[in-house]
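Undergrad: sequence plus predicted model, see below.
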Amino acid sequence: MSVTLLWWALAALIVVGAVVVIAAREMMRMLLGLGVFLLGLAGLYAWYGFELLAVAELFVYVGGVLVLFLFAITSMGRDSEGRFMERRLDLGALGISAGLGVVLFVALQSALPSTATAIGASVEDTATALLGPLLPYFEVVGIVLLIALAAALAIIGREDGR
Amino acid sequence: MTPLALGCLLISIGLYGLLTRRDIVAVLASIEVMLGGAQLLLATYSAGVTQASAAQGITVIVLATVGAEAAVGLALLVALVRRNRTRTDQIEEVRG
Amino acid sequence: MSLLRDMPTLVVAVPLLIGALLLLGLRFWGRSAPWLALIGPLVAVAVGAASLQGGSSGSVRWLAAGDSALTLGYQVDGLSAIMLLVVGVVAACVIVFSIGYMHGDRGFVRYFAILSLFTAAMSGLVIAADLVGIFIGWELVGACSFLLIGFWYEKPAAAEAARKAFMVTRVGDAAMLVGLAILWRATGTLELSAILGSVGSLAPAVVTTAAICLLFGAVGKSAQFPLHIWLPDAMEGPTPVSALIHAATMVAAGVFLIARTWPLFEASPEARMVALVLGTITALGAATVALPQTDIKKVLAYSTISQLGFMFAALGVGAWPVAIFHLVTHAAFKALLFLTSGSVIHGSGTQDLREMGGLRRTMPLTAVAWIIGGLALAGIPPLAGFFSKDEVVGSVLVAAPWAGVALLVASLLTGAYVARATRLAFFGARRGTHEAHESPWTMTVPLAVLSICALGLGFAGPSIAAVLGAESEPLSLGLAALAVGLASAGALGGWLLAADGGAREGAFRPSVAAVWSTARDGYHFDSLVNAGLVRPVTALSRFTDSVLDRGAIDGIAEGLAKLARAAGGLLTRTMNGDGQNYSALVAAGAIVLLCVTIWLVR
């Protein structure tokens, strides 16, 4: 029972964080919300027994992407402090978003097997999988990361704005 | 509720933010939300289809890819900041 | 000899090929064109001569699709052979004549090409064994006539005349097509032998209706009342064309058609009555109109209409071999007269009788030819016209006295207008200013040939009748004397009328002058048709064009285009460069696709 409660707590955390992301008026608050979201997600992965995933999530997202956001924002200079970000209520967007969510739910429900329970997968097994059957994808993603690195550098360009 | 519902909910929330927000950083963050929801769905449901270890492996790979995407996106952000165009309605052309 | 008899399709194939060759090399052929074109008619003469005692028949496959094919049958009997001879001889004379007449004309090669095609079509018409073949030939000669009447197409009057000819004969052709349809419906075939053989088993109403429809086709083609208005206008074409097409051959096709389908008419007294009435009215009416004409060609045109009326009257009383006999002699002397008038026009530079005069002194050969032709036309023995016209009038008088009397009056008038025209053109003082000269040999030799025909053909009467498989009646001397007497009286009257270069005509009493000019205008029939038919139809077509075609249909087409443009404009607004807008559209699309997937999987 408490396991389920934990699940719900984590889920609530995630959702709250997401809502803050889309609704916050200040930059920092949004980033905070994003952080909460990511942490909750990591926790949920752990709940499911995806150890590797949880840790990867923490390292890559919380430690990487979130920090990246912070860096980018602070490098924006004067504008970044206390930015006032607009938010608005757009019924069309609301409709589309809700619609997509619902349709996705309905579509996947009939296509996928029922609720996954706490499964769990050990790190060793995953590592074996990654270097075994999933090796091609593993290598490819390495290349993708390399390209992304190069791309980021190229886009940023030199200091003098070229 | 099921992870399916949670995942779909997150995607909805993220989409709303994507469509609505005026600031690029906010848009990027909303995208992250959406992607998080997608990864959740991937992880939990592929576990029912194939071995759990393979499921996790795949999700990690996807996660890495998304991280790369975020990096590139933020690089773009910095490039835009340089040109002082950080509102979404200011980026109508892809040039420079 | 037997080769020619066994392959009568040569009469179509050869001139057709030559015509095509000439057309393909319009700039190339030059002076050799007429000699090429001459081959076609000569083939026709040869085949005709070879087939006089009985020709061959068969069929030609001309459109094959796998097993089934469209075949056209040909059948050369005595009638076809005679017609081939007529067409061939007259066409040959016309072609030789045209070498001189059309010399220097810009469309020299085109002229001979179309003449060759005409020869092919006319030959095909007369050897066809089914109504389809006849109809094809019928239409093609009409097309060639159109092209030749409007040969000098830059001249608006010529183009008008060509159109008019085509349209008026079209009216007849439409009736003919209805006739064909009726016969098809009734007998299931269009083969002549089958149809004519089964006439006895058809309902009288069917036979009569079909016969009258075919008759109207003939009425159009042979310029009988009420479809006669195109022939005078057709004089806009070159004179040799008038000689060939509008005197000897195409206009004779109507008479030919009725002769060809004779069993139909034999079985339908109503159709014969219609032919008789129309023919008689035409014969007499046209003769009255020919008298006051001032254009030499118009005299001949109305004369042709009148003489064709004689033939129709003969058909109307059942004497079709007599009608064919007159067709043959008429072809000879009318072609002669037309070619002679062409020589006159060429030599004196004018077509107006009032500007001619005394031409016999400067153009003696031409004058002799004209006089021979004129005597033949008037029916003076021993020229050809005497024999054939006598037989016509004789047959009609016996069967329908009222018509016979009318024809006798027409004969009187014939003598009158011939004499008048002769005197105005060839005798008296020279009124024109142009230096008149005799024509070259290429023009006078054909005149000589045709003159010989006009002199001698009269004696060919019994032979012609034999070829046609009919009995020939001996001449009744009393009738002959009466006819000649009337013609001579008429000639005297016409001669006196033409004294002093036609001065008498200017001095008529007002009432007579009024009748005279009304007659010259064809009793205003043309204006009647114009007001009653042409103007309303033109107004209707203008209405259809502006309101229906441009307004409604173009409106719909343009409206659709405008609609598409507006829709495009609307859709363009969605492409505004707004990334979030695009994302929204993508998401919406995704929703739609997922719905479809759900629905499909269910």
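TA: Yep, it's here.
Undergrad: any residue of the biggest helix by length in chain B up close to chain A?
TA: Counting residues, the longest helix in chain B under DSSP state H turns out to be helix B:52-82. Yes. Using CB under 8 Å from any CB of the partner chain, helix B:52-82 comes into contact with chain A via B:52-61, B:63-65, B:67-72, B:74-79, B:81-82. Placement of C-beta: from N, CA and C, glycine included.
Undergrad: just how off-centre is the lowest-mean-pLDDT helix or strand in chain B within its chain?
TA: Least confident helix or strand of chain B, by mean pLDDT, DSSP states H and E, is helix B:52-82 with a mean of 83. For helix B:52-82, the separation from the chain centroid amounts to 8 Å (computed by CA atoms, centre = their mean, to the nearest Å).
Undergrad: packing partners of that helix?
TA: Under the contact definition 3 or more CB pairs under 8 Å, 6 or more residues apart in numbering or on different chains; DSSP states H and E, helix B:52-82 sits against helix A:51-57, helix A:67-74, helix A:123-131, helix A:135-156, helix B:24-49.
Undergrad: so which of those helices gets nearest chain C?
TA: The closest of the helices and strands packed on helix B:52-82 to chain C is helix B:24-49. By CB to the nearest CB, the value is 7.5 Å.
Undergrad: list the buried residues in that closest one.
TA: B:24-47 (16 or more other CB atoms under 10 Å in any protein chain shown).
Undergrad: what's the pLDDT at the closest residue to C:V90 other than its chain neighbours?
TA: In space, and not counting its chain neighbours, C:V90 is closest to C:A248: 4.3 Å by CB to CB, 6 or more residues apart in numbering or on different chains. C:A248 carries a pLDDT value of 75.
Undergrad: surely C:A248 meets C:A335?
TA: Yes. C:A248 is within contact range of C:A335, at 4.6 Å (criterion: CB atoms under 8 Å).
Undergrad: shared neighbours, those two?
TA: Here C:A248 and C:A335 share the contacting residues C:V90, scored by CB atoms under 8 Å, 6 or more residues apart in numbering or on different chains.
Undergrad: what residues does chain A put near chain C?
TA: Residues of chain A lying close to chain C (CB under 8 Å from any CB) are A:92-93, A:96-97, A:99-100, A:103-104, A:106-107, A:110-111.
Undergrad: and if we set it to 7 Å?
TA: Residues of chain A lying close to chain C by CB under 7 Å from any CB of the partner chain are A:93, A:96, A:99-100, A:103-104, A:106-107, A:110.
Undergrad: now, which of these lie close to chain B?
TA: When the residues of chain A next to chain C are checked against chain B using CB under 7 Å from any CB, the ones in range are A:93, A:96, A:100, A:104.
Undergrad: residues of the helix or strand hosting C:A20 that come out buried?
TA: Here C:A20 sits within helix C:10-24, counting by DSSP states H and E. Across helix C:10-24, burial judged by 16+ other CB under 10 Å covers C:10-19, C:21-23.
Undergrad: contact partners of that helix?
TA: Residues outside helix C:10-24 that contact it (CB atoms under 7 Å, 6 or more residues apart in numbering or on different chains) are C:29, C:33, C:36-37, C:39-40, C:43-44, C:47, C:84, C:109, C:112-113, C:116-117, C:119-120, C:123-124, C:127.
Undergrad: if we go to 6 Å?
TA: C:29, C:33, C:36, C:40, C:43-44, C:47, C:109, C:112-113, C:116-117, C:119-120, C:123-124 (CB atoms under 6 Å, 6 or more residues apart in numbering or on different chains).
Undergrad: nearest spatial neighbour of the residue of chain B positioned farthest from its centre, skipping sequence neighbours?
TA: In chain B, B:Q51 marks the outermost C-alpha relative to the chain mean, sitting 25.6 Å out by CA atoms, centre = their mean. Using CB to CB, 6+ apart and skipping the chain neighbours, the partner closest in space to B:Q51 is A:A129 (7.1 Å).
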